[in-house]
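[1] Provided below are the primary sequence and the corresponding predicted coordinates.
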Amino acid sequence: MDSLLSVCDIKEDVSYIIDLAIKIKAGEIEDMPLEGKTLAMIFQKSSTRTRVSFDVGMYQLGGRAIFLSSNDLQMGRGEPISDTAKVLSRFVDGIMIRAIEHEDVVELAKYSNVPVISGLTNLEHPCQALADMLTIKEHFGSFKGKKICFVGDGNNVCNSLLLIAPLLGMDMSVACPEGYEPDENILKISKNFAKDNNTEITISSDINIALDNVDIVYTDVWVSMGDEAEKAKRLKDLKPYQVNKELMDIANDDAIFMHCLPAVRGQEVSADVIDGPQSVIYDEAENRLHAQKAILYHYLK
Ligand code: CP
Ligand code: NVA
């Protein structure tokens, strides 16, 4: 069964899904394409955007979603993931899961007879990356010749952006301190995608190098869900990487600011930037809905 656990899973379909999202957002699909379909949504971590956008997305497509906190599932008491996958597959048409460990989502997909969609793991956040690219296409009209820079912690969101950007023909740089680089294996795949698509991937601890000729400045929290024990060290190490006015001035004059949210003003981004004229964060959040409706249509229809 086809599942969406990584941007790699939609390597060939990224452009098509983004264009489908644009059509869906414009109201250009049939009514109720997912009538009678049910999506199970398993959450091992908190969520605002992912939970609400998948729930509303299923409703708007004519189906329904069931919210399942992993604390309330037997899985939370030790029922094997394989049994959970096989049983849920008998009831529902798709499973969305936000998990702590990426391997658990791989395991769930292995035993599921219905598509599994990742709503974030420690390794990737593919749905976010699709919504981000939809936002970039809406803003700039195309991806060609554009460069995105991720500033800060090379985390799950950064990893998915590293995979999706070269697939769409964009250059990407990451500005991060030593020890906060993105996942090594993802970086290898990203560089291969870049080679195939004639784009460039650069990782640098030097903000001036990473932000040279950049159209999109992206950041995310310094303390992701699960990193709480390292909070003090992270805040100290990442402090020079705050996206503020001074840093935005290094990027192109018409550069936009993006953040997957939730954000901590005064840490990874200053309030004047995230709430300023270059910020597109609410369009980006809204696009979670449209991008995921395209994903649901593609996988569940
Ligand atoms: N960006 C994102 O995934 O937000 P939530 O954690 O609120 O779902
Ligand atoms: N990197 C963040 C993203 C939240 C949407 C986290 O994993 O907590």
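    Thanks, I have the structure now. Ligands and ions are numbered 1, 2, ... in the order given.

[2] now do the contacts for residue 66.
    The neighbourhood of residue 66, defined by Cβ atoms under 8 Å, 6 or more residues apart in numbering, consists of 38-41, 92. All C-beta spots, glycine's among them, are computed from the backbone N, C-alpha and C.

[3] who does it form a beta bridge with?
    Residues in a beta bridge with residue 66, per DSSP bridges, are residue 40.

[4] okay, now the nearest residue to residue 148 once chain neighbours are set aside: neighbour count?
    Counting by Cβ to Cβ, 6 or more residues apart in numbering, residue 148 lies nearest to residue 216, which is 4.1 Å off, once chain neighbours are set aside. Per other Cβ atoms under 10 Å, the neighbour tally for residue 216 reads 26.

[5] thought residue 143 was touching residue 216, still the case?
    No. The pair residue 216 / residue 143 is not scored as a contact, 10.2 Å apart, by Cβ atoms under 8 Å.

[6] any common contacting residues for the two?
    residue 136.

[7] residue 251 and residue 66, how far apart?
    With distances taken as Cβ to Cβ, to the nearest Å, residue 251 is found 43 Å from residue 66.

[8] no wait, residue 88
    10 Å.

[9] what sits in contact with each of the two?
    Shared contacts of residue 88 and residue 66, defined by Cβ under 8 Å, 6+ apart, comprise residue 40.

[10] burial of residue 264, as a residue count?
    Residues within reach of residue 264, counting by other Cβ under 10 Å, total 13.

[11] try residue 52
    Neighbour tally, residue 52, other Cβ under 10 Å: 13.

[12] can you pull the pLDDT of it?
    pLDDT, residue 52: 98.

[13] could you say which helix or strand holds it?
    helix 49-60 (DSSP states H and E).

[14] so which helix or strand takes in residue 237?
    In this assignment (DSSP H and E), residue 237 forms part of helix 231-238.

[15] which helices and strands sit right next to that helix?
    Here helix 231-238 touches no other helix or strand, going by 3 or more Cβ pairs under 8 Å, 6 or more residues apart in numbering; DSSP states H and E.

[16] check contacts around residue 189.
    Contacts of residue 189 by Cβ under 8 Å, 6+ apart are 8, 163.

[17] go with 10 Å
    Counting by Cβ atoms under 10 Å, 6 or more residues apart in numbering, residue 189 touches 6-8, 11, 159, 162-163, 166, 183.

[18] so which bits of the chain are right by ligand 2?
    Residues of the chain lying near ligand 2 by Cβ under 6 Å from any ligand atom: 120, 155-157, 220-221, 224-225, 260.

[19] try it again with 8 Å
    Contacts of the chain with ligand 2, taken as Cβ under 8 Å from any ligand atom, map to 45, 47, 49-50, 120, 122, 125, 128, 153, 155-157, 220-221, 223-227, 260-262.

[20] count of neighbours near residue 46?
    Residue 46, neighbours per other Cβ under 10 Å, totals 11.

[21] where exactly do the strands run in this protein?
    38-43, 64-69, 94-98, 116-118, 147-151, 171-175, 201-204, 216-219, 256-259 (DSSP state E).

[22] in a markdown table: these, plus mean pLDDT.
    Shown next, in a markdown table, are the strands of the chain (pLDDT from 0 to 100):
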| stretch | mean pLDDT |
| --- | --- |
| strand 38-43 | 98 |
| strand 64-69 | 97 |
| strand 94-98 | 98 |
| strand 116-118 | 98 |
| strand 147-151 | 99 |
| strand 171-175 | 98 |
| strand 201-204 | 98 |
| strand 216-219 | 99 |
| strand 256-259 | 99 |
